[in-house]
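*Asks:* this one's structure only:
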C-alpha cells in the first residue's frame, strides 16, 4: 500500500491542474503578503504556561545554554519520547506549542515524554554556515523590537538570537540535547518521534532523514516540503527577514548544496530507505467558521495555500518512489493557525504512539 490518506480517498492522487493552480496561487500570495505577520495562531482558551513541565537546560558549544521544556509520561516510562518543534516566530522563553495548545497533556496521558526545544526563530533547526548578518552589520545587544539606540530596521537586522553566534540547531538536537536527556533523565536516545509546524515540519523531516538512529517517526504540519520549487527561495527570504530580520544566505545560500540538503522533496528517497514512519498534513487554505474575516485570516490562508502546494508536491514525490510508510491528512478546512495544528496532533497521536519507543 503506497501510503495512507485519511479523510478523502480522492486526495491520494491530486489532480495535476488543481495542484499547479494552488502552487502558483500560493507562491503569489506568499510573496505579496507580509509572510512573517503573526498569523492568528490562537490556541485553546486554556492553553498557557503548563506547570507540569520542567525547564531542562543544556549547553551548546556554539549557541550557549539552550532551554527545553520537558513533560514526563504519565506512567513514568523513559522509553517513549517525542520532540515538538516550533514555527518561524519561535520565542526565547517558551515554545509556541505550550503557549497556544494543550498537546503536552494529551501526549503525556498517552504515556509519551514530550521535549519542546525553546528558541530558534527562523532557524529551520539547521546548522547555519554563519551568524546571520547583512552587509557586514555587527551584532548589537538589546531587543530586536528596536528598544536600544539606532534605527528600528538596524535593530531588527542586527539583534536577536543567531546574530552574535551561529545557529547550530541540528547538532544540538541530535547530539547535545539527545545525550543530555539520556544521561540526566534516562530517556531512550533511539526510536524517538519528532514533529513540527511550518518551519518545524520541514525540519522534522530533515532530522529524521539524516538521523534515522534517533528518529523512527516524523510529522509535518503545514510544512514547506519543496523549498527548491519556483518562487520558494524568494518567498522564504522575505519571510525570514520579516520573522526576526534573518539573512537566508547565512543559513544556506539558496543555490548551494546545503539548500538541497534541507529540501524534503530532494531527500525523500532517504525517508523511504529508512522506513521512517511519516505523518504529513496541510490544510486546504479555506477558513473555518471560527476564523474571522480579517487580515490575519487572509494572511493565514496564503501561507497555508503555499504549504499545501509544497506538501502535495512531496506527496507526489513519495508516491513516485513507491513509499508506503506515510499517512497523509488533508482536511477540507484549515489555515495557518495553531488551532488546526493542535487538532492534527490528536489525529496523529495513535499512529505516533504505535511507532516510537
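*Replies:* Thanks, I have it. No experiment lies behind these values; they were computed from the predicted model shown. Numbers count the residues shown, from 1 in each chain.

*Asks:* helix, strand, or coil at residue 217?
*Replies:* Per DSSP: H, G, I helix; E, B strand; the rest coil, the local secondary structure of residue 217 is strand.

*Asks:* would you quantify the distance from it to residue 265?
*Replies:* Residue 217 sits 20 Å away from residue 265, going by Cβ to Cβ, to the nearest Å. To be clear about C-beta, it is placed using only N, CA and C from the backbone, and glycine gets the same treatment.

*Asks:* so between these two, which is more surrounded?
*Replies:* Taking other Cβ atoms under 10 Å, residue 217 and residue 265 do not tie; residue 217 has more neighbours (25 against 20).

*Asks:* could you work out the end-to-end span of stretch 111-128 for me?
*Replies:* Chord length of stretch 111-128, first to last residue, is 34 Å (Cα to Cα, to the nearest Å).

*Asks:* err, stretch 162-176, not the other one
*Replies:* 18 Å.

*Asks:* now the strands for the chain?
*Replies:* Residue ranges of the strands in the chain, as given by DSSP state E, are 4-6, 54-60, 64-71, 81-85, 113-117, 192-197, 215-221, 277-281, 326-329.

*Asks:* name the stretch among the ones you listed that sits most buried.
*Replies:* Each of the strands of the chain was scored by mean neighbour count; the highest is strand 192-197, a mean of 30, by mean count of other Cβ atoms under 10 Å.

*Asks:* what helices and strands are in contact with that strand?
*Replies:* strand 81-85, helix 199-210, strand 215-221, helix 338-354 (3 or more Cβ pairs under 8 Å, 6 or more residues apart in numbering; DSSP states H and E).

*Asks:* quick one: work out the angle between the longest one and strand 192-197.
*Replies:* Between the axes of helix 338-354 and strand 192-197, defined by axes from the mean of the first three to the mean of the last three Cα atoms, to 10 degrees, the angle is 160 degrees.

*Asks:* contacts for helix 338-354?
*Replies:* The contact list for helix 338-354 (Cβ atoms under 8 Å, 6 or more residues apart in numbering) reads 6, 40-44, 80, 82, 96, 100-103, 106-107, 110-112, 193, 195, 197, 217, 219, 221-222, 277, 279, 281, 283, 290, 327, 329, 331, 334.

*Asks:* so which of the strands of the chain comes closest to residue 92?
*Replies:* Ranking the strands of the chain by proximity to residue 92 (Cβ to Cβ) places strand 64-71 first, at 8.4 Å.

*Asks:* what mean pLDDT would you report for that closest one?
*Replies:* In this model, strand 64-71 has a mean pLDDT of 98.

*Asks:* tell me what that strand is packed against?
*Replies:* Right, strand 64-71 is packed against strand 54-60, helix 103-109, strand 113-117, helix 177-185 by 3+ Cβ pairs under 8 Å, 6+ apart.
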